[in-house]
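Student: Fold the following for me, if possible:
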Amino acid sequence: MERRADPEHGCTISQPESEHSKSAWFTVAGSFLVYFVSFGYMNSFGYFQDYYIQNDLAEFSPPIISLIGSMQLGLMLLVGPVSGTLFDAYGIKWLYLVAATGSTVSCIGLSFAQPGRIWQYFLSQGVLFGLMVPFGTSVALPVVGQHFRQNRALAMGVVAGGSSVGGVCLPIMFSHLVPRIGFAWSLRVAALIMLVFYGVAGFISTEKLPARPLKPARQIVDFGGFRDIRYTTLALANVVGNFGLYVPFYYIEPYIAVNFDGSGASSYLLPIINGSSFFGRVIGGYTADRIGGLNLLYALTTVSGCLCLTMWLLASSIGIVVSFVCLYGFCSGIFISVMSPVTSCLSPDDKIGARLGAFSAWGAIGVFTGTPIAGSFLKNNKSSEYTNLIIYTGVCMTVSGGLMFVTRLLCDRNLRKKW
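Tutor: Here you go, the predicted model:
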């Protein structure tokens with residue numbers, strides 16, 4: 001890789017372009033495509049979990065299988081701060097190329113994995129994809145932020161929506177293709193889509209800021225925020241929330257298959273929860289700007305826990321489960337989209353990136369271990385065993401909401417204030 005020009009060596013920065021320019025919105029479209037094939041693919045792991053349980057990895061327990069999806073998300077959070085720094089130094093084109101190559105090779109490698117050889121699935125889908133995808137996801141939002149000021153929230157909301165749209169379309173695509181052309185060729189189709197989408201994104205996306213020197217390690221991740229009790233409490237809430245957040249995404253399809261066999265709805269619940277998450281992300285960001293991110297976050301996180309302990313735990317019909325999926329998906333979208341802006345408010349302006357890096361690294365603990373812990377309740381994947389899994393999820397989300405409320409009180413005891 002060759003470095004682009006450094007502003008310390010004579011580069012000039014052009015005047016800001018119009019936020020309604022073609023280049024600005026083409027960049028939004030490119031980032032949308034990146035989120036579609038990155039987060040959208042990871043949000044589809046519930047389909048893979050159900051498929052593996054019933055087919056290729058049937059001899060392995062659900063918690064072992066869920067480690068594949070947990071590894072994807074956890075590695076993305078750990079590598080993200082590093083890839084963000086490389087973006088500052090080398091630009092978006094090179095990083096999209098790395099992400100495209102890694103993601104495509106991951107899917108093709110997975111298509112050749114042999115049933116029963118779980119290490120092949122783990123390395124190709126969990127490790128390789130998890131290591132490569134942050135080179136796309138960690139730069140897709142910042143490059144959009146370079147183009148927008150007044151409409152930044154709208155533009156970033158559109159980009160974030162790509163993950164939900166991908167999470168809707170990809171599971172439906174797999175559920176229709178696999179019976180027709182097989183699992184392996186369906187993955188090769190997905191690999192082709194990833195390659196094309198990354199290629200288009202790299203072609204239409206533009207940057208406005210010149211390169212900066214690589215940051216030293218201490219500026220990539222800064223754990224100094226843990227000296228602030230508010231930051232520490234929120235980070236703890238994030239970890240506890242991550243223990244339960246993704247459990248419905250991973251286990252809702254196996255749950256339906258066991259508890260409502262023959263309903264025909266299992267293949268559509270994951271797209272529904274991802275679609276609802278889209279509205280949570282967009283509406284949540286808009287609402288947080290008006291009533292305060294932390295005010296919204298602790299309330300809706302607590303609600304998501306209560307939904308698990310009531311609607312999901314006591315569900316007696318497929319209609320109740322669908323209602324739960326819609327509401328939980330909406331609340332989870334708020335958790336995902338509002339957490340970073342709230343964390344930024346607790347960090348000095350010159351350390352926001354590094355503090356967010358430390359926050360993400362700490363949160364990866366919950367992502368790595370949450371769904372495997374939940375899956376450990378499923379010894380034989382029987383209907384009665386899902387009760388403890390649901391209670392575990394509900395308790396995690398409720399406790400997380402309580403810790404967020406404590407953080408809110410530490411910020412200001414006047415709950416009517418915007419915070």
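
Student: out of everything not next to it in sequence, what's closest to Leu195?
Tutor: Excluding its sequence neighbours, the residue lying closest to Leu195 (Cβ to Cβ, 6 or more residues apart in numbering) is Thr104, at 4.9 Å. In short, each C-beta sits where N, CA and C put it, glycine included.

Student: In three-state terms, label that neighbour for me.
Tutor: Per DSSP: H, G, I helix; E, B strand; the rest coil, the local secondary structure of Thr104 is helix.

Student: That one: neighbour count?
Tutor: Neighbourhood size, Thr104 [other Cβ atoms under 10 Å]: 21.

Student: Same question for Met42.
Tutor: Taking other Cβ under 10 Å as the criterion, the count of residues near Met42 is 23.

Student: which ones are touching it?
Tutor: 69, 72-73, 76, 129, 133 (Cβ atoms under 8 Å, 6 or more residues apart in numbering).

Student: Return the closest of those residues with respect to Leu389.
Tutor: Ranked by distance to Leu389 (Cβ to Cβ), the contacts of Met42 are led by Gly69 at 15.2 Å.

Student: Check what pLDDT the closest one gets.
Tutor: pLDDT for Gly69: 89.

Student: Just confirm it contacts Gly130, I think it does.
Tutor: No. With contact defined as Cβ atoms under 8 Å, Gly69 does not reach Gly130; the gap is 9.4 Å.

Student: who's more crowded, these two?
Tutor: Gly69 (27 against 24).

Student: List the residues that contact the more buried one.
Tutor: With Cβ under 8 Å, 6+ apart, Gly69 has these contacts: 42, 45, 48-49, 126, 246, 250, 371.

Student: where exactly do the helices run in the stretch 101-250 of the chain?
Tutor: Shown for the stretch 101-250 of the chain, the helices assigned by DSSP state H, counting those that start in this stretch span residues 118-121, 129-132, 134-145, 152-181, 183-204, 217-220, 229-245, 247-259.

Student: among these, which is nearest Arg408?
Tutor: helix 229-245 (9.1 Å).

Student: and that closest one, how far out from the chain's middle?
Tutor: From the chain centre to the centre of helix 229-245 is a distance of 16 Å (Cα atoms, centre = their mean, to the nearest Å).

Student: Point out where the stretch 251-400 of the chain drops to low pLDDT.
Tutor: Along the stretch 251-400 of the chain, the parts satisfying pLDDT under 70 run over 262-265, 349-354.

Student: And the helices in it, which stretches?
Tutor: Using DSSP H, counting those that start in this stretch, the helices of the stretch 251-400 of the chain run over residues 266-291, 293-307, 318-345, 352-375, 386-411.

Student: Give me the distance from stretch 293-311 to the chain's centre.
Tutor: Distance of stretch 293-311 from its chain centroid, counting by Cα atoms, centre = their mean, is 18 Å.

Student: Show me which residues of that stretch are buried.
Tutor: By neighbour count on 16 or more other Cβ atoms under 10 Å, the buried set for stretch 293-311 is 293-305, 307-309, 311.

Student: next one: stretch 165-175
Tutor: Across stretch 165-175, burial judged by 16+ other Cβ under 10 Å covers 165-171, 173-175.

Student: and which of those residues is nearest Trp362?
Tutor: Nearest member of the buried residues of stretch 165-175 to Trp362, counting by Cβ to Cβ, is Gly167, at 24.9 Å.

Student: Might one say that the closest one is in contact with Ile272?
Tutor: No. Applying Cβ under 8 Å, one finds Gly167 not in contact with Ile272, separated by 9.9 Å.

Student: joint contacts of these two?
Tutor: By Cβ under 8 Å, 6+ apart, no residue touches both Gly167 and Ile272.

Student: Most neighbours of all the contacts of Gly69, which one?
Tutor: Counting by other Cβ under 10 Å, top hit in the contacts of Gly69: Thr371 with 32 neighbours.

Student: wouldn't that residue be in contact with Gln72 here?
Tutor: No. Using Cβ under 8 Å, Thr371 makes no contact with Gln72, being 10.9 Å away.

Student: Where does pLDDT dip in the stretch 1-150 of the chain?
Tutor: Applying pLDDT under 70 to the stretch 1-150 of the chain picks out residues 1-20, 84-85, 87-89, 149-150.

Student: again, 50 this time
Tutor: For the stretch 1-150 of the chain, the stretches with pLDDT under 50 are 1-16.

Student: Tell me where it has strands.
Tutor: Using DSSP state E, counting those that start in this stretch, the stretch 1-150 of the chain contains no strands.

Student: quick one: contacts for Ile172?
Tutor: For Ile172, the contact set (Cβ under 8 Å, 6+ apart) comprises 267-268, 271.
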